Each structure stands twice: as C-alpha cells, then as structure tokens.
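A.B. asks: Can you look at this prediction? I've put the sequence above it.
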Amino acid sequence: MTIALGISFLIIQVMCLILFIIVLVQLFKKEGALKGILGFFCGIYTFIWGWMKHKELALTKVMALWSIMTAASIVVPSIMATSGAYELLSYMNTLKGDADLKMTKPGSATKSPKFHLANESGKIKTAAKTDGIKPARKAANLNGDRGQMAMALWQGAEYKDPKKAIDYWDQAIEIMPDSAKAYNNRGLAYYDLKLYQQAIKDYNQAISLDSDYVAAHNNRGNSYYELAEFELALADYNQSLKLDSNYSKAHFNRALVYYQIDKNDQACKDFQKACDLGDCDGLNWAMKNNICK
C-alpha cells in the first residue's frame, strides 16, 4: 500500500509541476517578464493569478485540476505517515523484550560476580520461523523499518552498535510514541552503553504505557542491580513474578539480589525455581561455590 501511495505522490508532484508551467507561461505572456519571474519564484502568486484570470484565459479546468492536485499532495503524505505508523505498531507487537542477567565466568562466590545481559528482545516472529532475526530492509521503505533496523543490530543478546540502535529507536518512537516495546528496547541499548539511568527512564515510560509489561519490570530491575540499588531491583523482580510467577529470568535475577544482600536461603530457592523452569546456570554456580546444597 505504501509503495502505491509513494508512486501516486510522485505522479501528483509531476502533475502539479506541469500545471504550474502552463499557468506560468500565460503569466509571462499576459503580464510581462517582471511578474513572470515573480511567479516563477513564488508559486502561490502564480496560483492566485491563475484563478483571477481563469475565465479570461480559459484556464478554469487547468486551475481546478491544479487545485485538486495541490490538495492531494497534502493528503497523500499524511496517509503515508499513518500507514507507516500502523505498520510500526503491528511490528512492535511482535517484539518480546525479555531480558535477564547471566553469569559469564563467576569463578568464585564473591559479592561481585560478573554478569552480562542476555536479552531476547531481538526475536521477531516470521512466517517460517519464530525465533529468527528478520534482516533489515532498506531505509527508504516503511517507517516500521526503523524498528527492524534496530533489531538487525541485535547479536549475542546485545546490540552490536547500541548508539545506532538508539538512533533507530528514536525515530521509531517519534512515529509511535505510545509503543511500550519501543521504549523497552531503546532502554536495552542504553543498558548496553552502561547508561543505566537513561535505561531506567525508558523502562519507566514503557511501564507507564503498559503496567503489566513483565519484561520491562525485569529490565528495570537489571539496571537498578547494576547501580547497586538492590531494594529497587528486588521490587521490580517481585512485580515481574507477580505478573508471571513462572518467569524464570526474574527468579534468576531475584536470586542474584538475595545473594548480594546475604539472604542465601532465599537466593537458593529462586535459583532452584529458575532451574525447574529450565535455567540452571545460577543453581550450578551457587552449588559449585557452596552457596546452595
């Protein structure tokens, strides 16, 4: 639909130019070079003059068609923008936005184990496969491509170029400011840049748009965790689990918080629950370091 609208818009612009030239030629003939030059640089003057002289110069049909084409040149871009916005909204609804903290090489049971963000927000449903990343199309295509272009930068559970991803998400959010998933995914890019406060602002916006957004609560908890705001992180993980008690990522992440605040018994329960749900990394690490038995 958008391609058809784009072609229509191009045709309309060409028609407007042709009609402008027709009237401009009459302006030169009737009023002389001075006013003709004025009309050349000021299309509105030519348009108004054409209507003033349309009966005298038999330009009624020309001016009527020019008026219609001018109106169409205003309406069609608005339709194109709306079409792109709806496509972007539909596209955003395919993004999962699930994030968790994963241990890389814990090595010991210190209070500062190293973690990295393993995030599933880059997963896009396609007709043939539900867990692949759709390649970005050319930037000249639909506005919804900005989201796809950002997700094409998603590699190894993080953005390959988070700054560029932020730029794409900025453009997507400008088109669809009510997309919670766009804010969530831009927050992940800020997270990759270790700009945790900026990430939190985006997660706040995502949550304000969708208070039941499980992943956004979890992701905000991750940023609070990195800032050592463990009570705030705990509150977010609790909310994630309130919304989805089988959300393994939140169990895993909450276990990390409990470990940091010396509540190992509760940490072990969450590591075990995460393992029961398919994520045993935390439990294996905790047992290896004699935190859990």
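C.D. replies: Perfect, I can see it now.
A.B. asks: quick one: contacts for Thr60?
C.D. replies: Residues in contact with Thr60, defined by CB atoms under 8 Å, 6 or more residues apart in numbering, are His54. C-beta coordinates here come from the backbone N, C-alpha and C atoms, glycine included.
A.B. asks: Just the pLDDT for the residue lying farthest from the centre of the chain.
C.D. replies: Relative to the C-alpha centroid of the chain, counting by CA atoms, centre = their mean, Glu56 is the outermost residue, at 55.3 Å. In the prediction, the pLDDT value recorded for Glu56 is 90.
A.B. asks: Confirm it sits in a strand?
C.D. replies: No - the assignment for Glu56 by DSSP: H, G, I helix; E, B strand; the rest coil gives coil, which leaves it out of any strand.
A.B. asks: and the next element down the chain from the worst-scoring helix or strand of the chain on mean pLDDT?
C.D. replies: Among the helical and strand segments of the chain, the one scoring lowest on mean pLDDT, DSSP states H and E is strand 115-119, with a mean of 39. Proceeding N to C from strand 115-119, the next assigned helix or strand is helix 145-151, under DSSP states H and E.
A.B. asks: Tell me who's in contact with Ile166.
C.D. replies: Counted by CB under 8 Å, 6+ apart, Ile166 has contacts Arg186, Ala189, Tyr190, Leu193.
A.B. asks: and the two most separated of those residues?
C.D. replies: Spatially, the most separated pair among the contacts of Ile166 is Arg186 and Leu193, at 10.9 Å (CB to CB).
A.B. asks: quick one, which of those two is more surrounded?
C.D. replies: Arg186 (27 against 14; other CB atoms under 10 Å).
A.B. asks: and the host helix or strand of Glu174, average pLDDT?
C.D. replies: When elements are defined using DSSP H and E, Glu174 is found to belong to helix 162-175. Mean pLDDT, helix 162-175: 89.
A.B. asks: got it, and stretch 247-256?
C.D. replies: The predicted model assigns stretch 247-256 a mean pLDDT of 92.
A.B. asks: Centre of the chain to that stretch, how far?
C.D. replies: Stretch 247-256 sits 26 Å away from the centroid of its parent chain (CA atoms, centre = their mean, to the nearest Å).
A.B. asks: same question, stretch 191-201
C.D. replies: The chain centre lies 16 Å from the centre of stretch 191-201; the measure is CA atoms, centre = their mean.
A.B. asks: Renumber starting at 26 from here on
C.D. replies: Okay, residue one is now 26; in that scheme the one you just asked about reads as stretch 216-226.
A.B. asks: Same question for that stretch: list its buried residues.
C.D. replies: Within stretch 216-226, the residues that qualify as buried by neighbour count (16 or more other CB atoms under 10 Å) are Tyr216, Asp217, Leu220, Tyr221, Gln223, Ala224, Ile225, Lys226.
A.B. asks: okay if I get the contacts of Ile191 as TSV plus pLDDT?
C.D. replies: Converted to TSV, the contacts of Ile191 look like this (pLDDT from 0 to 100):
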residue	pLDDT
Arg211	92
Ala214	92
Tyr215	94
Leu218	93
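A.B. asks: Closest one of these to Ile47?
C.D. replies: Within these, distances to Ile47 taken as CB to CB reach their minimum at Arg211, with 49.3 Å.
A.B. asks: Let me see the contact set for that closest one.
C.D. replies: Ala190, Ile191, Trp194, Asp195, Ile198, Asp227.
A.B. asks: Can you add distance to Asp295 and give the residues you listed back as TSV?
C.D. replies: As requested, those are arranged in TSV below (distance: CB to CB, whole Å):
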residue	distance to Asp295
Ala190	31
Ile191	32
Trp194	31
Asp195	36
Ile198	34
Asp227	26
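A.B. asks: ChimeraX command to pick out the buried ones of those residues?
C.D. replies: To isolate the buried ones among the contacts of Arg211 in ChimeraX, judged by 16+ other CB under 10 Å, type:
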select :190,191,194,198,227
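A.B. asks: quick one: pLDDT of Met174?
C.D. replies: Met174 carries a pLDDT score of 81 in this model.
A.B. asks: Which residue ranges of the stretch 176-318 of the chain form strands?
C.D. replies: When assigned using DSSP state E, counting those that start in this stretch, the strands of the stretch 176-318 of the chain occupy the ranges 179-180, 183-184.
A.B. asks: what is the mean pLDDT for the last one?
C.D. replies: In this model, strand 183-184 has a mean pLDDT of 82.
A.B. asks: Perfect, I'm done here.
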